[in-house]
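Chemist: turn this into a structure:
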Amino acid sequence: MSQARTYQGGCHCGAVRYEVDLDLTGGASRCNCTICTMKGAIGVTVKPDAFRLLAGDDKLTDYTRPGNPNHHLFCKVCGIHSFGRGDLIEVGGDYYSINLNCLADFDPARLALRYWDGRHNNWEAGQRDEPWPILD
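Modeler: Numbering: from 1, shown residues only. You can find the predicted model right below:
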């Protein structure tokens with residue numbers, strides 16, 4: 001049985017705002033790829049129907065590496081990455097990745113974390129309870 005709740009989120013300056021329906025009983029995840037490590041996001045993925053952009057579509061800029069299906073979206077005003085999107089078979093197809101650090105009145109430190117090995121493009125391995133090594 002789902003324990004989904006609607007959360008409000010957005011960037012630091014408030015130009016980008018969204019709401020998302022999340023069931024956080026499964027915890028959250030971190031990835032060791034270079035961009036995720038540098039931006040320090042704690043995330044959870046949701047299907048597109050659970051995400052609603054309320055404001056700021058025109059304030060988003062997209063960083064995507066060639067050949068990579070992940071879109072790292074940043075506010076053009078304050079530079080904060082509050083969510084991303086992409087399409088990966090390993091996570092069930094189309095998704096939004098929510099940066100839990102950007103939710104209003106929420107502390108992601110209370111969640112159990114699972115880890116992805118994005119640095120080695122090791123998506124098939126799935127998540128695990130211990131961090132993957134950052135060093136190659």
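Chemist: let me see the contact set for the spatially most central residue of the chain.
Modeler: Nearest to the geometric centre of the chain sits residue 97, at 3.0 Å (CA atoms, centre = their mean). Shown here is residue 97, whose contacts under the criterion CB atoms under 8 Å, 6 or more residues apart in numbering are 41, 43, 44, 45, 70, 83, 84, 85, 86. For every residue, glycine as well, the C-beta is placed using N, CA and C.
Chemist: please verify my assumption that the third one contacts residue 21.
Modeler: Right, residue 44. No. Using CB atoms under 8 Å, residue 44 is not in contact with residue 21, being 11.1 Å away.
Chemist: the more surrounded of these two?
Modeler: The residue with more neighbours, out of residue 44 and residue 21 and counting by other CB atoms under 10 Å, is residue 44; that gives 22 against 15.
Chemist: look up phi and psi at that one.
Modeler: Main-chain dihedrals, residue 44, degrees, to the nearest 10: phi -150, psi 140.
Chemist: and the closest residue to it other than its chain neighbours, how close does it get to residue 56?
Modeler: Once flanking residues are discounted, residue 44 sits nearest to residue 28: 5.0 Å by CB to CB, 6 or more residues apart in numbering. Distance check for residue 28 against residue 56: by CB to CB, to the nearest Å, it reads 23 Å.
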